[in-house]
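Student: here is the input, now give the coordinates:
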Amino acid sequence: MDTMIRSCSDLVELIGAWGFVPLFRNQIRGFSVEELTPPELWFSDTADGPWEWKGPAIRESGCAYGKFFQNKAVFISREWFCDFANYRRDGYDFDARFEDGLASFNDKQIYDTLEGTPSLLSKELKQLAGFGKDGRKGFDTILTRLQMQGYVTTADFEYLRDKHGAPYGWGVARYAVPEKLFGEAFSSRVYVRTPEESRQRIIDHLTALFPDADPKQILKITG
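Tutor: A predicted model of the protein is given here:
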């Protein structure tokens, strides 16, 4: 396919073709929506661009989206997200991670709050988990960590609407745990390989996509 992204459909197609599509530029040249989208589409008053495509791309592709590489946003196809989550979880479900002392009580508070629902807007999750002005601190840091570990993904983005019903402003993220968002298709497959096997599959896949990339760059971006 033409790897230039000019529409949401192009982005959905690229997610399916590559499996991993970072939103912003990184160590691997050409491996981002930022580099592949014409600059004029990023902040256009007359046409939708990457900011507006995020929610529709998640819904249309069925992918995971979150801060997965170096604390930065990445689209990961459902086909590849099982390996990603398995590798990043190191084979642990969250309860086992907590029981082994590898997750804090505050991490568990956010995870358990989200796991008990189909999904929550970020502001709902923050409030229900007891974070905020007069509550616990570090909500954004913990939420990013849970995404990096493969326990939380973005289900959609929701926008405020003006009196004419038109969306405006920055989309508010709606979060979910993968087991709830993807169901049996995820939970029955996430631990079928060893974490190292999943890690190596991801490295081999990205190496095949970007054969000119320095292997150290691929290792760094995948964590």
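Student: and stretch 87-105, how far apart are its ends?
Tutor: 23 Å (CA to CA, to the nearest Å).
Student: again with stretch 127-136
Tutor: End residues of stretch 127-136 are separated by 10 Å (CA to CA).
Student: chain center to that stretch: distance?
Tutor: With CA atoms, centre = their mean, to the nearest Å as the basis, stretch 127-136 stands 23 Å off its chain's centre.
Student: check stretch 204-213 too.
Tutor: 21 Å.
Student: number of nearby residues for Glu158?
Tutor: Glu158 has 14 neighbouring residues, counting by other CB atoms under 10 Å. The way it works is simple: take the backbone N, C-alpha and C, and place the C-beta from them, glycine included.
Student: for it, which three-state class applies?
Tutor: Assigned with DSSP: H, G, I helix; E, B strand; the rest coil, Glu158 falls in the strand class.
Student: do Val74 as well
Tutor: Val74 is classified as strand under three-state DSSP.
Student: contacts only, for the nearest residue to it once chain neighbours are set aside.
Tutor: Once flanking residues are discounted, Val74 sits nearest to Phe68: 4.2 Å by CB to CB, 6 or more residues apart in numbering. Contact analysis of Phe68 by CB atoms under 8 Å, 6 or more residues apart in numbering lists Val74, Ile76, Phe84, Arg88, Gln147, Met148, Gly150.
Student: which of those residues sits closest to Asp214?
Tutor: Of all the contacts of Phe68, Val74 has the smallest distance to Asp214: 19.3 Å, by CB to CB.
Student: and the residue lying closest to Gly55 once chain neighbours are set aside, what does it touch?
Tutor: Take Gly55 and drop its neighbours on the chain: the residue closest to it by CB to CB, 6+ apart is Phe157, 3.9 Å away. Applying CB under 8 Å, 6+ apart to Phe157 gives the contacts Lys54, Gly55, Ile58, Gly171, Val172, Ala173, Arg174.
Student: the helix or strand where the residue nearest to Val74 lies to strand 72-76, inter-axis angle?
Tutor: Element membership for Phe68, per DSSP states H and E: strand 64-69. Between strand 64-69 and strand 72-76, the angle comes out at 130 degrees (axes from the mean of the first three to the mean of the last three CA atoms, to 10 degrees).
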